[in-house]
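what follows is a predicted structure for the sequence shown.
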Amino acid sequence: MSFIIDKQTLQDLNISGKYKRDSIFSLYNKTETFGGEQLLEKLFEQPLADSEAIRRRSTLISFFRRLPRRFQIRPEDLDIAQSYTNSYSGRGLTVALLRAARRQLLAVLGLKEEKKHTESGIRATFRIMLELASYLSLLREHDTDGLLQDSVFEQSWLRSEHSLLLQLQQQIDSHTDTLPLVLAARCDYQLRYRWAREIQQSLSAIYHIDLYQSIAEVANQRHFVQAEVLPPDQQAIELHDVYHPAIPDAVGNDLQFKGSHNLIFLTGANMAGKSTYMKSFGIAIYLAHLGLPVAAAKMRFSVKDGLYSSINVADNIDLGHSHYYAEVLRVKKVATYVSQGKNMVIIFDELFKGTNVKDAFEATLTVTRAFQQHHNCQYLISTHIVEVGEQLQQDNSNIQFVYMPTTMRGQVPYYSYRSANGISSDKHGMVLIHKEKVLELLEQNSKNI
C-alpha cells in the first residue's frame, strides 16, 4: 500500500526540489555521487505506509550514524571506473589480449587515448574495489544484529576474490608509468568480463553507502532524532520540540494526538508563527514516513495512510476556480479519504480565507465539527477567526486549543513562536496601522488634493 500525498502538499511543505536551496530534499542531499543522489530522489518520492519497512530503514540509518568513519568516496575515481566498466570489452581472455595488443600498437602510432582510458580505468576500479572491501569489513564488524545480511552491502565476492584483487593491485602499483600488455589484458578480462556483474553490484553498494552516510551525516550534525514507530491501534502522534529544519535557530514546540483527542485548533496573529508551526509538524510527519531522522527532541507515531495539507492554495484560472472554490475542493478531497476510512494526517491553514468573514465562520465551524468525529485521522486546523474557537469550546469536545502568542512592547509586537494552550485574544491590527502612520499618510494626502 502506497502512502497518500499530492503535489499541493509537497509544495506546501517544500519537500522536493533538487535545485531549491531551501527545500527539505536539498537539506538532506549531501551525497557525493550521481547514483547516491538518484537513490535519495527516489527515496523522497516514495514515503512508506508499512511499519516494518519504516523500522528497517530507520534502523539502518541509526547504524550508519554510529559508525566511527565514513567511506571516503573519490568522485573522480568513481567517474573513471564507471566509464571504463560500462564500455564494451568483448569476451574471454584471448579477446582481452588482442584488444590490449591493438591499444599498444595504436599508442606506438601516437594514438594513446584508448590505452590511457583503459589503464586509468583499471587502476581506478581496483582502488575502489579494495577500498570498498575494507569498508564493508568495517560494516560487518559493527553489524552485531545481522542487519546487513542479504542486502546490497553483502558483496561476498569481494571476500572470496580478495586475494586475487590484492595480488593484481600490487602488480599494478609496481608499474607507475604504463602497464605491461599481458597484465593490462588480464586485469581488463577480470574487470570487464569475469567480474562484470559483480563490479556493477559493488558500484550500487557504493551509491547506497553514499545515500545512507549522507543522511547520517546531516542527522548527526543537526542533532535530528529517529522517530519511534508505535502500534497502529494506538492512533497516536507525539512530538517534543519539533521545529522547522530549514529555518536557522527555529523554536521548537510540542504536539500530541491520541485517540479521540485528534484535533488541534490553532489561532494567533499573522506573523506569530502559525504557518511555520503547521509546516514543522507536516515535515516531521513526512520525514518519519520516509524512515528519516526528524527535527525534534523526540517523536513517536502510529503509521498513517497519508498526509494532506491546504496551506498555500491558489486560484485555478485554467479551470475557472476561485480561491474559495479551490479551498472547497481541497476539503472535499480530504472528506472523501476520511469517509473511506483512511487514516490520514490533515493540515488546514486559515480555512476558507477566500470568502467573507460570515461564510468563513460558518464553514470553518461546521467542517471542523464534522472532521473531529472521525477519530482515525489527526487534524491540525488554523484560523484567524477566533470566534470559531470560542464556539467550539462550548461543545465540550476533545479538541485541543492552541495559540501562538503575541505581546506588545509599546507599539512593537513581539513573537515568542512558542505555542500555548487556549485561544488567542490578540487584536493588534489597528495598533500596527497606527504604528506605521497609515491614516496620517492618507489624511495628509487628502489635504493636498
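Everything's here; your move.

which stretches in the stretch 251-400 of the chain count as helices?
Secondary structure of the stretch 251-400 of the chain by DSSP state H, counting those that start in this stretch: the helices cover 274-290, 323-339, 357-372, 386-393.

out of these, which one sits most buried?
Highest mean neighbour count among these (mean count of other C-beta atoms under 10 Å): helix 274-290, with a mean of 25. C-beta here means a position set from N, CA and C on the backbone, and glycine is covered the same way.

now do that one: distance to the chain's middle.
Centre-to-centre, helix 274-290 and its host chain are 11 Å apart (C-alpha atoms, centre = their mean, to the nearest Å).

I'd assumed residue 304 was in contact with residue 230.
No - using C-beta atoms under 8 Å, residue 230 makes no contact with residue 304, being 11.1 Å away.

more neighbours: which of those two?
Using other C-beta atoms under 10 Å as the criterion, residue 230 and residue 304 rank with residue 304 on top: 23 against 17.

can you give me the buried ones in the host helix or strand of residue 80?
Residue 80 is part of helix 75-86 when elements are defined by DSSP states H and E. Buried residues in helix 75-86, defined by neighbour count with 16 or more other C-beta atoms under 10 Å: 77-78, 80-82, 84-85.

and for stretch 11-29?
12-17, 23-29.

residue 265: what's it in contact with?
Taking C-beta atoms under 8 Å, 6 or more residues apart in numbering as the contact definition, residue 265 lies against 368, 381-383, 388-389, 392, 399-402, 423.

hmm, I was thinking of residue 398
Contacts of residue 398 (C-beta under 8 Å, 6+ apart): 260-263, 372.

among the residues you listed, which ones are buried?
261-263, 372.

returning to what we had before: so what touches the helix holding residue 80?
32-33, 117-118, 120-122, 124-125, 127-128, 191-192, 196, 199-200, 203, 206.

for stretch 234-247, same thing?
With C-beta under 8 Å, 6+ apart as the criterion, stretch 234-247 contacts 14, 22-24, 27, 222, 224, 230, 250-259, 262, 276, 279-281, 283-285, 294-302, 343, 345, 375-376, 378.

that older thread, hmm, which of the buried residues of stretch 11-29 is lowest in pLDDT?
On pLDDT alone, residue 17 ranks lowest of the buried residues of stretch 11-29, at 82.

contact partners for that one?
For residue 17, the contacting residues are 23, 25-26, by C-beta under 8 Å, 6+ apart.

domain-wise, how is this protein divided?
For the chain, the structural domains run 7-22+224-441, 65-221, going by the TED database.

quick one on the thing from earlier: which of the contacts of stretch 234-247 fall in strands?
Counting by DSSP state E, the contacts of stretch 234-247 place 230, 253-258, 298-302, 345, 378 in strands.

scan these and report the most crowded one.
residue 378 (27 neighbours).

does residue 264 touch residue 379 like I think?
Yes - Residue 264 lies in contact with residue 379 (C-beta under 8 Å); the separation is 7.1 Å.

so the residue lying closest to residue 284 once chain neighbours are set aside versus residue 228, what's the distance?
Spatial nearest neighbour of residue 284, excluding adjacent residues (C-beta to C-beta, 6 or more residues apart in numbering): residue 294 at 4.5 Å. Distance, residue 294 to residue 228, by C-beta to C-beta, to the nearest Å: 11 Å.

which one of these two is surrounded by more residues?
Taking other C-beta under 10 Å, residue 294 and residue 228 do not tie; residue 294 has more neighbours (25 against 13).

so who does that one touch?
224-227, 242, 245, 283-284, 287-288.

try it again with 7 Å
Counting by C-beta atoms under 7 Å, 6 or more residues apart in numbering, residue 294 makes contact with 224-225, 227, 284, 287-288.

now those as TSV including pLDDT?
Listed next are the contacts of residue 294 as TSV, based on pLDDT from 0 to 100:
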residue	pLDDT
224	98
225	98
227	97
284	98
287	98
288	98
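
which of the buried residues of stretch 11-29 lies closest to residue 181?
Looking at these and their distance to residue 181, the nearest is residue 29, at 43.8 Å (C-beta to C-beta).

with adjacent residues omitted, what lies nearest to the closest one?
Nearest to residue 29 is residue 40, by C-beta to C-beta, 6+ apart, at 5.8 Å.

before we move on, what about residue 191?
That would be residue 125: by C-beta to C-beta, 6+ apart, it lies 5.4 Å from residue 191.

and the pLDDT at the one you found?
Reported pLDDT for residue 125: 95.

quick check, it in contact with residue 190.
No - judged on C-beta atoms under 7 Å, residue 125 makes no contact with residue 190 at a distance of 9.5 Å.

out of the two, which sits in the busier spot?
Neighbour totals were compared for residue 125 and residue 190, and residue 125 leads with 26 against 21 (other C-beta under 10 Å).
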